[in-house]
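1. coordinates for the following, if possible.
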Amino acid sequence: MKRYSLNFGKKERVLNYACQTYQLSRPNKVGAVMALIRNCQPSSFEEWQSWYFENAYTVGKNPTKITNESLKELGERLYAKITEVVIPEWESAFRELTEQDCIDYIYNLTINRTYDGYLREKSVINDGLAKIFSDITFEESDPELDHAGDIDYIAKVGDKAIGIQIKPITASANFGSYSLTERMKASFESFKEQYGGNVFIVFSLDGEIANKEVVEQIRAEIDRLSN
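-> Model (predicted):
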């Protein structure tokens, strides 16, 4: 299959990091691209490119038309962030990094963060969702399943189920800007095909549900699956 994506080589990592960090590829900047291309159903790259610029708008309260110029401006902002912020920060980190930092990081990632995550998950489920939906059983996802890496818990609703993914969040973070990876989207779709229900991301702040609106979304999905 012919590929149209450009190969940026070693630059890809820094470009991807900065683009994600500063949210320059979010729907409020470039539109809901996957929804757009599915609506287009193009038979050629040229058809998709033309259709995108004719129909793409930013997602938000005040949608604006997306143009070649607006994408160019995003690229210029990306370059500015990389050269003015990312590179100086990384150069400073490289200078200060020690072997002990690396040893401590691996230990902390493996032991400390795993335990924090375990406590966070238990609190969100046992002290949160399981009490709100007392007639629903929440089970840990089977690690052997293809989607297990992206779905932490399964909530059985009759012969169907919904999926729960729990994400940590700091008090200063904006979970509204969280963006699913293509792998996660595929995993969530696979889960829905298998179990019939959607997957919901629950953001945890100190073991409590941060995105409170997800509770009503889960409730609506349980009602849908129950009927």
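2. what about the strands in the chain?
-> Ranges of strands within the chain are 137-140, 153-157, 160-168, 196-205, 208-209, based on DSSP state E.
3. residues making contact with the shortest one?
-> Spelled out, that is strand 208-209. 123-124, 127-129, 202-203, 215 (CB atoms under 8 Å, 6 or more residues apart in numbering). C-beta here means a position set from N, CA and C on the backbone, and glycine is covered the same way.
4. circling back: can you list the strands of the chain in JSON lines and add distance to Leu15?
-> Formatted as JSON lines, the strands of the chain follow (distance: least, CB to CB, whole Å):
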{"stretch": "strand 137-140", "distance to Leu15": "36"}
{"stretch": "strand 153-157", "distance to Leu15": "34"}
{"stretch": "strand 160-168", "distance to Leu15": "24"}
{"stretch": "strand 196-205", "distance to Leu15": "25"}
{"stretch": "strand 208-209", "distance to Leu15": "34"}
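5. the helices in this structure, which residues?
-> 11-21, 27-30, 33-40, 45-55, 68-81, 87-96, 99-107, 113-124, 130-132, 182-195, 213-226 (DSSP state H).
6. circling back: okay, the strands of the chain in a markdown table with mean neighbour count and distance to Glu73 next?
-> Shown next, in a markdown table, are the strands of the chain (neighbours: other CB atoms under 10 Å; distance: least, CB to CB, whole Å):
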| stretch | mean neighbour count | distance to Glu73 |
| --- | --- | --- |
| strand 137-140 | 14 | 45 |
| strand 153-157 | 21 | 42 |
| strand 160-168 | 21 | 30 |
| strand 196-205 | 20 | 30 |
| strand 208-209 | 16 | 37 |
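7. which one of these lies closest to Ser226?
-> Nearest of the strands of the chain to Ser226, taken as CB to CB: strand 153-157 at 6.0 Å.
8. and the closest one, which strands flank it?
-> strand 137-140 (antiparallel), strand 160-168 (antiparallel) (DSSP bridges).
9. how far away from the center of its chain is stretch 214-221?
-> Computed by CA atoms, centre = their mean, to the nearest Å, the separation of stretch 214-221 from the middle of its chain amounts to 19 Å.
10. buried residues in that stretch?
-> 214-215, 218, 221 (16 or more other CB atoms under 10 Å).
11. re the thing from before, Serialize the strands paired with strand 153-157 to JSON lines and add fields for distance to Glu84.
-> Below are the strands paired with strand 153-157 laid out as JSON lines (distance: least, CB to CB, whole Å):
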{"stretch": "strand 137-140", "distance to Glu84": "44"}
{"stretch": "strand 160-168", "distance to Glu84": "29"}
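12. how about the ones you listed, which one is nearest Tyr153?
-> strand 160-168 (4.1 Å).
13. hmm, back to that, out of the strands of the chain, which gets nearest to Tyr4?
-> Comparing those under CB to CB, the one sitting nearest is strand 196-205, at 29.5 Å.
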